[in-house]
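Engineer: no FASTA, just this:
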């Protein structure tokens, strides 16, 4: 978790990480969601995406192990690079 943006949250049961990304317009939200989908396809690891007008919630868990795997954190770090506040 320390390698990820501070906005990522670990669920109370420790089985999932999630982050809400905010955008000024729906078109920007959709562009971000499509970029996340591209990462998911190339990594073969798919998050749950909840898309709203000005936000996209991303959550990761690995169902095969009923918890978090290294790939959850790798994908989250790649998504951090897409964020408007990425450095």
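Structural biologist: Sure, I can see it. Just so it is clear, the structure is predicted and the values come from calculations on it, not from any experiment.
Engineer: quick one: what helix or strand has residue 19 in it?
Structural biologist: strand 17-22 (DSSP states H and E).
Engineer: Low-confidence stretches in the chain?
Structural biologist: Low-confidence segments of the chain, defined by pLDDT under 70: 84-87.
Engineer: before we move on, the earlier item: neighbouring strands for the strand holding residue 19, and are they parallel or not?
Structural biologist: strand 9-10 (antiparallel), strand 55-60 (antiparallel) (DSSP bridges).
Engineer: Who are the packing partners of whichever helix or strand comes after that strand?
Structural biologist: Counting by DSSP H and E, the next helix or strand C-terminal to strand 17-22 is helix 26-43. Contact analysis of helix 26-43 by 3 or more C-beta pairs under 8 Å, 6 or more residues apart in numbering; DSSP states H and E lists strand 48-51, strand 55-60, helix 70-80 as its packing neighbours. For every residue, glycine as well, the C-beta is placed using N, CA and C.
Engineer: what lines up beside the shortest one in the sheet?
Structural biologist: So that's strand 48-51. According to DSSP bridges, strand 48-51 forms sheet pairs with strand 55-60 (antiparallel).
Engineer: Now do the strand it pairs with: distance to the chain's middle.
Structural biologist: Relative to the centre of its chain, strand 55-60 is centred 5 Å away, using C-alpha atoms, centre = their mean, to the nearest Å.
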